[in-house]
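Visitor: Dropping the sequence and predicted coords here.
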Amino acid sequence: MAESKRLLILSSPPFVSEGETIERVMWRVNLVLLPALAWGVWSFGLDALRVAASCVASCVLAEAAAQRIMQRPVTVSDGSAVVTGILLAFNLPPGIPTWMTVVGSVAAIAIAKQAFGGLGFNIFNPALIGRAFLLASYPVPMTSWRPYGACDGVTCATPLGIIKEKLALPLPSYADMFLGRTGGCIGETSTLLLLAGALYLLWRRDITWHAPASFLGCLAIASRLSGRDPAFAVLAGGAVLGALFMATDMVTVPLSWKGRLIFGAGCGCITAVIRSAKGRAASAASWARRSFAAATICIALVILRVFFTLPMRFFKSLRLGIDYLPCPALRRSLSQKRQVLHAWLSPDRPKLSGLSW
Amino acid sequence: MRLRTFRGGIHPPGRKEMTAARPIRVAALPARVRIPLKQNAGESPIPAVSTGQRVRTGETIAEASGPVSVPIHASISGTVRAIGPVPVPYGGSAAAIEIEGDGKDERGWGEGLPDPFAADPKELLERIRTAGVVGLGGAQFPAHIKLSPPPGKRLDCVIVNGAECEPYLTADHRVMVERARDVVAGTRVLMRAAGVGKAFIGIEANKPDALEAVSAAAAAAGGIEPVALRVKYPQGAEKQLIAAIIGRSVPAGALPADVGAVVQNVGTAVAVWEAVSAGKPLFERVVTVSGGGVGEPGNWLVRIGTPFGDLLAQSGGLSPDTAMLIMGGPMMGVAQGTEDVPIVKGTSGIIALLEGEIAAGRERPCIRCGRCLEVCPMGLSPALIRRAVEKGDWEAAGELGVRDCIECGACVFVCTSGMGQIQGFRRAKLELSRRGGKRG
């Protein structure tokens, strides 16, 4: 018997893996965002590139600095800060001053991401927090738009703005909005390129179709019900960007497909509601003038992320689940309610009495 | 034919081409065997021999010690040298009987039944038990227990498991190709012993030659239906196989018998056939030796108790670059620290992997990508269970269904964060069973 002198690795199974890593996923997302970014630069000039570059650079630097200060391993090479930077830039108007992009990036990374514990622990999409932060702080520069193809300081109205302000301007055609020949944020205009990128991610199984489909579907239905043009509602503003790249942000959306459907539906409905809200108060004017899908996701997140449906367990039972809530009391109370529902839905189980909603 | 399957699952690279076309070779008679006593789920058998005693091949050397226990037999003829703890492939060490061979391989077992298909089912079960037949897929559950369900439960079909969904392994594949008639005959015996009129033999579609051979052999026998299964891991897991073939789901915490099915591996079917028709106890099995660290991968018929090192030496030796030695497949196998462990009844393969073949990566925080939920064949939420386990909240883990986890490793395979949660899930199961809490 050959006595072995070699060192054999002892670990627990499985010993093989698919080889997908956070790094690969994040860099893939960056890759598919590039065409839409290029379109933004083509549409709005080098200013768009300046905004994007400063967002990415300051997000990466902010992440490195925050991790250094908090004495965590610096993981900027995983590409997640770059994703945040690009998505933040996508949500900014092309003419925004560089220092504002730095403020937004620091808010996104330091407050929304690292303060919550870093990648995987943030409860809000960092790019959206960055955008919301800037919108609340600097409403005017955040809502000064440029027409498609204008590289100078000319401002114009976005498609949603034309409707909202009842401007006597022609609405862009569906084709223009689909291809991206409109004004707007840097990355939100070209539905075509965003869709192409998302389809690639879908094919690579990095994202699932559930949240985007129910987001845009519900937005269209809600718009139809309130007497608006559903196709216009979907194509205008950041709805497509929000649905394809914000509502599919892994960290901040529900895990299961059912949860994602509900989450997307909530995003779609809230977007429709916010868009139809009247801009009464002056303070709300900026929101009303430029209501967008992105901000609504922040709200939808708070409402919906805690409610969560688990997948069908192997045992054929309908199981409405609750996210693994941080508060045990709430979890227990919700899981009790789930049991009631469970008992009610499966006739072969004894009915639980003494528990009520 | 429409391929049947289950919900969820993954597609790991099969890497079976190294050994799939290699006929089973008979391994050289080992000079010395160490036969662990406990090679069955349940109670450990009690030695029936003493040091210095001469034994012949197939002689009973340890007797069953309870209902869920089977005897152990000498796998070579020779002299009992020691009875004591030796390193075993399931980790740690356990009591074993060491036999020094005399090279004669004298037959020490009795005769078979003249007509097994006409025999009394009770007689068949007794033969299966005394021959020490356990599940050869890896779980080593005594076959006779599965075939005799508790009162109140009725079986209506036998499912023979030829899925062999683990990467690298081809032992079952070769058995089906080369011994299709024995597989079918064993299936008929299983049907008679279980008192059912219907049997299925489930084979993944990546083994067309096995499917063809088994179909040809089964054509003559009534009530046996070979079923082509989609190539997907873990197709060969008991509950997933039942779901794929007869469309029944085994409830959480229940056994296949609760839905009228009994699942046996193809190797077990052959062992059952040998036990009843030839009286031959289970003292040898087919083992796949494969992986980049093996000089000459192949399939071997090898005696139980043979050291891994002996078989590796016959397979062209173990490469010095071998990073990992595994008993079983790379998804659910057990990593070995030494080649000096014996082959047991549940050893379906010995896989030596080079550095490039194994998963390497550091753990990162979970980014909630949800892939594990998509692939979990039990419909669990591994990401959430993992969080519960990390917090030591066993109750929550139980509520999320950790007890239903079959430890197939699909969630770890797809994990983008490089997590190894299976260990944590085992811990949670252990903690929960220790507390004896009710099922969530």
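Guide: Arrived safely, thanks for sending.

Visitor: Next secondary structure element downstream of the one helix or strand residue A:175 maps to?
Guide: For residue A:175, the host element (DSSP states H and E) is helix A:174-179. Using DSSP H and E, the helix or strand that follows helix A:174-179 in sequence is helix A:191-203.

Visitor: now check that next one, is it near chain B?
Guide: No - judged by CB under 8 Å from any CB of the partner chain, helix A:191-203 makes no contact with chain B; its nearest approach is 11.3 Å. To be clear about C-beta, it is placed using only N, CA and C from the backbone, and glycine gets the same treatment.

Visitor: Okay, buried residues for that helix please.
Guide: For helix A:191-203, a neighbour-count test (16 or more other CB atoms under 10 Å in any protein chain shown) marks A:191, A:192, A:193, A:194, A:195, A:197, A:198, A:200, A:201, A:202 as buried.

Visitor: can you tell me how far the second one sits from residue A:174?
Guide: Meaning residue A:192. Separation of residue A:192 from residue A:174 (CB to CB, to the nearest Å): 12 Å.

Visitor: Check the fifth one too.
Guide: Residue A:195 sits 14 Å away from residue A:174 when distances are taken as CB to CB.

Visitor: for the first one, same thing?
Guide: Relative to residue A:174, residue A:191 is positioned 10 Å away (CB to CB).

Visitor: any shared contact partners between the two?
Guide: Common contacts of residue A:191 and residue A:174 (CB atoms under 8 Å, 6 or more residues apart in numbering or on different chains): residue A:235.

Visitor: so where's the stretch 1-150 of chain A shaky on pLDDT?
Guide: A:1-6, A:149-150 (pLDDT under 70).

Visitor: Show me which residues of it sit near chain B.
Guide: Residues of the stretch 1-150 of chain A lying near chain B by CB under 8 Å from any CB: A:1-4, A:6, A:8-22, A:24-25, A:75, A:78, A:117-121.

Visitor: let's go with 10 Å and repeat that
Guide: Residues of the stretch 1-150 of chain A lying close to chain B by CB under 10 Å from any CB of the partner chain are A:1-26, A:73, A:75, A:78, A:80, A:117-122.

Visitor: Contact residues of the stretch 1-150 of chain B facing chain A?
Guide: Counting by CB under 10 Å from any CB, the residues of the stretch 1-150 of chain B close to chain A are B:6, B:7, B:8, B:10, B:11, B:12, B:13, B:15, B:30, B:31, B:32, B:91.

Visitor: which two in the residues you listed are spaced the farthest apart?
Guide: Across these, the longest distance by CB to CB is 49.3 Å; it joins B:7 and B:31.

Visitor: can you map out the helices along the stretch 1-150 of chain A?
Guide: Listed in chain order, the helices of the stretch 1-150 of chain A (DSSP state H, counting those that start in this stretch) span A:22-44, A:46-69, A:80-90, A:98-106, A:126-137.

Visitor: got the contact list for residue 84?
Guide: Unless you meant another one, I'm taking chain A. A:26, A:55-56, A:59-60, A:62-63, A:105, A:108-109, A:112-113, A:119, A:122, A:125-130, A:249 (CB atoms under 10 Å, 6 or more residues apart in numbering or on different chains).

Visitor: that answer is for a different chain, and I need it for chain B
Guide: For residue B:84, the contact set (CB under 10 Å, 6+ apart) comprises B:34, B:51, B:93, B:94, B:95, B:96, B:97, B:98.

Visitor: swap in residue B:358?
Guide: Applying CB under 10 Å, 6+ apart to residue B:358 gives the contacts A:9, A:11, A:14-17, B:291-292, B:323-324, B:326, B:330, B:335.

Visitor: which of the residues you listed count as buried?
Guide: Buried among the contacts of residue B:358 (16+ other CB under 10 Å): A:9, A:14, A:15, A:16, A:17, B:291, B:292, B:323, B:324, B:326, B:330, B:335.

Visitor: how about those in TSV, adding distance to residue A:233?
Guide: TSV is the format used below for the buried ones among the contacts of residue B:358 (distance: CB to CB, whole Å):
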residue	distance to residue A:233
A:9	56
A:14	46
A:15	50
A:16	47
A:17	42
B:291	57
B:292	56
B:323	56
B:324	56
B:326	56
B:330	50
B:335	56
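
Visitor: how about residue B:324, secondary structure?
Guide: Here residue B:324 is recorded as strand under DSSP: H, G, I helix; E, B strand; the rest coil.

Visitor: what separates it from residue B:17, distance-wise?
Guide: Distance from residue B:324 to residue B:17, by CB to CB: 20 Å.

Visitor: Grab the most central residue of the chain for me.
Guide: Picked chain A for this. Centroid check for chain A by CA atoms, centre = their mean gives residue A:246 as the closest residue, at 1.5 Å.

Visitor: The chain in question should be chain B.
Guide: Chain B, centroid-nearest residue using CA atoms, centre = their mean: residue B:137 at 1.6 Å.

Visitor: Is it in contact with residue B:349, as I believe?
Guide: No - taking CB atoms under 10 Å as the definition, residue B:137 is not a contact partner of residue B:349, at 11.2 Å.

Visitor: Quickly list what's touching both of those two.
Guide: B:164, B:166, B:169, B:171, B:172, B:328.

Visitor: mind listing what the residue lying closest to residue A:24 once chain neighbours are set aside touches?
Guide: Spatial nearest neighbour of residue A:24, chain neighbours left out: residue B:416 (7.7 Å); criterion: CB to CB, 6 or more residues apart in numbering or on different chains. Counting by CB under 10 Å, 6+ apart, residue B:416 touches A:17-26, A:206, A:250, B:361, B:364, B:366-372.

Visitor: Not counting sequence-adjacent ones, nearest residue to the residue of the stretch 51-200 of chain A found nearest chain B?
Guide: Closest contact between the stretch 51-200 of chain A and chain B, by CB to the nearest CB, is at residue A:120 (3.5 Å). Among residues not flanking residue A:120 along the chain, residue B:365 sits closest, at 3.5 Å (CB to CB, 6+ apart).

Visitor: In a helix, the one you found, correct?
Guide: No - assessed with three-state DSSP, residue B:365 is coil; it does not lie in a helix.

Visitor: Give the burial count for it, as a bare number.
Guide: 15 (other CB atoms under 10 Å in any protein chain shown).

Visitor: you'd agree it is up against residue A:117?
Guide: Yes - between residue B:365 and residue A:117 there is a contact under CB under 10 Å: 7.8 Å.

Visitor: Quick one, which of the contacts of residue B:416 are buried?
Guide: A:17-18, A:20-23, A:25-26, A:206, A:250, B:361, B:364, B:366-372.

Visitor: No further queries at this time; thank you.
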